[in-house]
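[1] Sequence first, then the predicted structure:
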Amino acid sequence: MVADDYRDFGAKILDPIAEKIPLGPMGISFLSLLTAIGAGYSFFIVEENLSNKEWLLIGSGLVFLTAVLDALDGIVARKRDLSSKRGDLVDHTLDRVADILIIGGIAFGNVVAIEIGFAAIIGVLMLSYMGTQAQAVGAGREYAGLLGRADRLIVLMLVPIINYFNQEYNYMELMCYTFAVICTLSAIYRFQRIWNELE
């Protein structure tokens with residue numbers, strides 16, 4: 001995962017916010033779910049001809065907030081010594097729900113064919129599943145491969161902005177094709193790594 005290389009840098013930026021934010025990690029996690037709902041809805045109501053293309057920017061901004069809050073809940077949990085298995089369960093569950101809501105909004109909307117949108121959702125969920133399944137079978141959390149969650153959130157921020165300024169090509173559709181193919185291949189790659197580790 002490319003974005004993971006900058007996780008420590010991001011944590012340093014968010015540290016001051018983590019010190020002052022009144023919400024606990026669970027509250028931050030649920031707030032990130034609300035921003036994901038907003039992002040999915042924003043992408044859902046974009047018209048096929050992009051006549052209301054400002055919703056692409058609104059959706060992009062809400063994805064950014066989702067990403068910030070998703071990183072912030074873990075930082076707050078560690079700083080306040082509130083990390084727990086239940087918290088980890090909630091965090092991973094809401095991450096998957098957020099993925100479905102955001103990409104589902106694109107899939108059910110007018111900009112991307114629903115089949116392509118669903119293929120993207122399947123690829124994303126399979127990739128995430130292989131990461132947590134590795135942990136479940138005792139191989140440790142698996143982050144290998146391209147387009148992990150942090151990478152996907154960056155793409156989901158940037159592509160709508162690109163499509164807002166350039167309508168010559170449907171970049172949202174290209175993004176969903178990319179998620180479908182690359183995430184599925186990365187899931188297979190993770191499976192192979194886990195299989196070899198369990199020998």
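    Sure, I can see it. Numbers count the residues shown, from 1 in each chain.

[2] Let me see the contact set for residue 197.
    Listed by C-beta atoms under 8 Å, 6 or more residues apart in numbering, the contact set of residue 197 reads 134, 139. Heads up, the C-betas are built off the backbone N, CA and C, glycines and all.

[3] Next one: it, what pLDDT does it get?
    On pLDDT, residue 197 comes in at 88.

[4] go on, residue 82?
    87.

[5] Tell me if I'm right that it and residue 23 touch.
    No: using C-beta atoms under 8 Å, residue 82 is not in contact with residue 23; the gap is 11.5 Å.

[6] Touching both of these two, which residues are there?
    residue 76.

[7] Tell me how many other residues crowd residue 29.
    24 (other C-beta atoms under 10 Å).

[8] Repeat that for the one 3 residues further on.
    Burial measure for residue 32: 23 neighbouring residues, criterion other C-beta under 10 Å.

[9] I'd say it and residue 74 touch.
    No: contact between residue 32 and residue 74 fails when scored by C-beta under 8 Å: they sit 11.0 Å apart.

[10] Now for those two: what residues contact both?
    Residues touching both residue 32 and residue 74 (C-beta under 8 Å, 6+ apart): there are none.

[11] What is the helix or strand hosting residue 30 packed up against?
    Element membership of residue 30, judged by DSSP states H and E, is helix 25-44. Helices and strands touching helix 25-44, by 3 or more C-beta pairs under 8 Å, 6 or more residues apart in numbering; DSSP states H and E, are helix 54-79, helix 85-108.

[12] tell me the angle of the longest one relative to helix 85-108?
    This points to helix 54-79. Calculated by axes from the mean of the first three to the mean of the last three C-alpha atoms, to 10 degrees, helix 54-79 forms an angle of 170 degrees with helix 85-108.

[13] what packs against helix 54-79?
    If contacts are counted by 3+ C-beta pairs under 8 Å, 6+ apart, helix 54-79 sits against helix 7-20, helix 25-44, helix 85-108, helix 149-165.
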